[in-house]
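**Student:** Take a look and give me a structure for this.
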Amino acid sequence: MALSNLRFLAEQLTLADQLLAGRNKMFDPQDLPGRYGRVINAIDHVLQAMSCQSVVAGGWAVWRHGFAGRVTQDVDIVLPADRVQEFMRVASVSGFETQPIPEGRWPKLRHRDTDVYVDLLPEGARPGTVSRPAPTTIPHPSRIGGQGQELHYIRLPALIELKLAAGRVRDEADVVELIRANPQEIALIRSHLSTVHPDYVKAFDHLAARAKDQLDA
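**Tutor:** Numbers count the residues shown, from 1 in each chain. From the prediction side, this is the model:
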C-alpha cells in the first residue's frame, strides 16, 4: 500500500476515535477535531467579515444528528444565493482557493492550511441528478438552522429534506440511519416534509419502513 494511503488510513482511524470519544460534547461544528475544526473556524472568520449566515449540511451534519459511523472528507455549507460570490471573493484572500467548477456543479473551495475542501450549496439551487432533478430548491440558511455569523448544524428535518432532494443511494442510506438514530423525531420530520413536497413524504415513509425492518431484524 502506498505511503500516502497508509497516512490517510491512519488519519481516518484517529479521526473516528476522536469523534467517538467526543460524541457527547461535540455539539457545534467548531468542536470538530483536528483540521476539520480549523477549517470551520476559518469559514467562521469569512462569515463574520461578511455578516452572513450559513449552516453545515452534508456528512458532518449526518454525523452530528446520530449516524456515528458517518465520516466525511469535505465540509458542505449552505449559503444565501446573493452572498455566494462575495463569500468566494472574501474566502480567496482568507486562506482558501477556488476550484474549477465543472458545468452543472456548485462552487467548491480548498482551505490551503488543512487541505479540506468546502462545497458551497447555494440557496435556490436544485439538488438531484440530471435525469431526476429535485422538485424543490435549497432553502435560505435562516430557515434551516442558521443563526448569527458563525456556522451551526442544519436542523434534522431540513437535513433529511435535502437528502431526499438529492435522491442518491448513499443519501437514502443516510436517511435510514438518521431515522434509526432518531425514532422519536419521525412525526416531526414527517410534518416538516409535508409542508415541503408530497414526494418527500412518500419517500420518507418508504425509508422509515426500511429502518423499522432493520431494527426488527
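**Student:** all helices for the chain, in order.
**Tutor:** Taking DSSP state H as the test, the helices found in the chain are 3-21, 34-50, 58-64, 84-91, 156-166, 169-181, 186-194, 198-216.
**Student:** okay if I get these as CSV plus distance to Gly124?
**Tutor:** In short, each C-beta sits where N, CA and C put it, glycine included. Formatted as CSV, the helices of the chain follow (distance: least, C-beta to C-beta, whole Å):
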stretch, distance to Gly124
helix 3-21, 32
helix 34-50, 18
helix 58-64, 18
helix 84-91, 10
helix 156-166, 13
helix 169-181, 20
helix 186-194, 19
helix 198-216, 18
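**Student:** Which residues are in contact with Tyr36?
**Tutor:** Tyr36 is in contact with Leu15, Trp60, Val75, Thr114, Val116, counting by C-beta atoms under 8 Å, 6 or more residues apart in numbering.
**Student:** Kindly indicate the member of those residues with the most neighbours.
**Tutor:** The residue in the contacts of Tyr36 with the most neighbours, by other C-beta atoms under 10 Å, is Val75 (26 neighbours).
**Student:** how about the nearest residue to that residue, chain neighbours excluded?
**Tutor:** Residue nearest to Val75 in three dimensions, not counting chain neighbours: Val118, with 5.0 Å by C-beta to C-beta, 6 or more residues apart in numbering.
**Student:** Hmm, the one you found is touching Gln99, no?
**Tutor:** No - with contact defined as C-beta atoms under 8 Å, Val118 does not reach Gln99; the gap is 9.3 Å.
**Student:** From Met50, how far off is the closest residue to Lys163 other than its chain neighbours?
**Tutor:** Distances taken as C-beta to C-beta, 6+ apart place Asp171 nearest to Lys163, at 4.3 Å, with adjacent residues excluded. Applying C-beta to C-beta, to the nearest Å, the value for Asp171 to Met50 is 29 Å.
**Student:** number of nearby residues for the residue nearest to Val75?
**Tutor:** Val118 has 22 nearby residues by other C-beta under 10 Å.
**Student:** Please report the distance of Val169 from Tyr117.
**Tutor:** Distance check for Val169 against Tyr117: by C-beta to C-beta, it reads 22 Å.
**Student:** If you could redo that for Tyr36, that was the one I meant.
**Tutor:** Relative to Tyr117, Tyr36 is positioned 11 Å away (C-beta to C-beta).
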